[in-house]
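Colleague: no sequence for this one, just the structure:
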């Protein structure tokens, strides 16, 4: 494991001209471990809430992640602000804190802005949205935030060794430093190559989402699966659905399969009835199923609020002939 490399920035008092104890920018591993601790804390909060509010969270559907986003935003914003002297529980454990270049703590409003940028890609990634939303302009914006903004945050977080600032840090001029020193930070410039990489990545994300993905969707095989997925999601009790066509290998050789995962809005009263509805749509909109070896349908219900999730899953497997006999 890489040692906790830091950049020591000279801290010189403009009033006395005397050199004081230099600040030390927190290294990668301390920030990472602090984030892991904070994630565990938020996970415990979500887990406890889920015990008592399972049905409520399930009914929220995709809005569950919005609730989790609000909880996480208030956690990071309040604790990293001047209210709690720039320290979440994770930062307190790792002996680091959040300040500006003058050594001052941030007001709550700036922390809300900063951590909104930091948290949005995480909470939008994996959000349960219908296909018509994913393929809309809103879906494109969400994808750009996930891949473009999220990728930029990760890149700068790992490779900006000079100031250890990521995209959300730059927005408000935030630094994460060790707690044993005080005074101003003499700001050093980020390597311009990092900015070039971020710009290129953002442009590629826009190109990928707006041009490459729509062109892939027009291909016949992909279009058929999208049509099937859309019709499954139109079922009254289905929130979202995923469709995968693939191959597996076992002692008998190669096997081709179609896998359907349907996330339901509530616990089904009759599992067989729901799976047969889905199977009938597979035969109708994906006739190639008759040439496959297996059709796997998984029904799942539960919740995902971003900071915690709980799912009940039940799978059904059979050959196309088996399924055909069931739905006759």
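Modeller: Done, it's in. No experiment lies behind these values; they were computed from the predicted model shown. Residues are numbered from 1 along each chain as shown.
Colleague: Tell me where the stretch 201-328 of the chain has strands.
Modeller: Ranges of strands in the stretch 201-328 of the chain, per DSSP state E, counting those that start in this stretch, are 238-250, 253-264, 294-304, 309-318.
Colleague: Next secondary structure element downstream of the longest helix along the chain?
Modeller: Longest helix in the chain by number of residues (criterion: DSSP state H): helix 28-60. The C-terminal neighbour of helix 28-60 among helices and strands, as given by DSSP states H and E, is helix 63-80.
Colleague: tell me what that next one is packed against?
Modeller: Here helix 63-80 touches helix 28-60, helix 89-94, helix 108-124, strand 294-304, going by 3 or more Cβ pairs under 8 Å, 6 or more residues apart in numbering; DSSP states H and E. To be clear about C-beta, it is placed using only N, CA and C from the backbone, and glycine gets the same treatment.
Colleague: So residue 296 versus residue 79, what's the distance?
Modeller: From residue 296 over to residue 79 the distance is 44 Å, taken as Cβ to Cβ, to the nearest Å.
Colleague: Between the two, point out the one with more neighbours.
Modeller: Neighbour totals were compared for residue 296 and residue 79, and residue 79 leads with 22 against 14 (other Cβ atoms under 10 Å).
Colleague: what's the burial count for the residue nearest to that one when sequence neighbours are not counted?
Modeller: The shortest distance from residue 79 to any non-neighbouring residue, by Cβ to Cβ, 6 or more residues apart in numbering, is to residue 88 (4.2 Å). Neighbour count for residue 88, taken as other Cβ under 10 Å: 24.
Colleague: surely residue 88 meets residue 78?
Modeller: No - assessed by Cβ atoms under 8 Å, residue 88 is found out of contact with residue 78, at 9.1 Å.
Colleague: that older thread, deepest of the strands of the stretch 201-328 of the chain, which one?
Modeller: Using mean count of other Cβ atoms under 10 Å, the stretch among these with the largest mean neighbour count is strand 294-304, at a mean of 20.
Colleague: which other helices and strands contact that strand?
Modeller: Applying 3+ Cβ pairs under 8 Å, 6+ apart, we find strand 294-304 packed against helix 28-60, helix 63-80, strand 253-264, helix 271-285, strand 309-318.
Colleague: Give me whichever of those is most buried.
Modeller: Comparing those by mean neighbour count (mean count of other Cβ under 10 Å), helix 63-80 ranks first with a mean of 20.
Colleague: Quick one: mean pLDDT over that helix.
Modeller: For helix 63-80, mean pLDDT is 96.
Colleague: Next: stretch 172-191.
Modeller: Mean predicted lDDT for stretch 172-191 stands at 79.
Colleague: on that earlier part again, residue 245 is nearest to which of the helices and strands packed on strand 294-304?
Modeller: strand 253-264 (5.4 Å; Cβ to Cβ).
Colleague: same for that closest one, what does it pack against?
Modeller: Checking 3+ Cβ pairs under 8 Å, 6+ apart, strand 253-264 ends up next to strand 238-250, helix 271-285, strand 294-304.
Colleague: for the most centrally placed residue in the chain, what are its contacts?
Modeller: Central residue of the chain (Cα atoms, centre = their mean): residue 122, 2.7 Å from the mean position. Shown in contact with residue 122 (Cβ atoms under 8 Å, 6 or more residues apart in numbering): 150, 306.
Colleague: re the thing from before, mean pLDDT and distance to residue 141 for the strands of the stretch 201-328 of the chain - can I get that in CSV?
Modeller: Formatted as CSV, the strands of the stretch 201-328 of the chain follow (pLDDT from 0 to 100; distance: least, Cβ to Cβ, whole Å):
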stretch, mean pLDDT, distance to residue 141
strand 238-250, 90, 19
strand 253-264, 92, 23
strand 294-304, 96, 21
strand 309-318, 95, 24
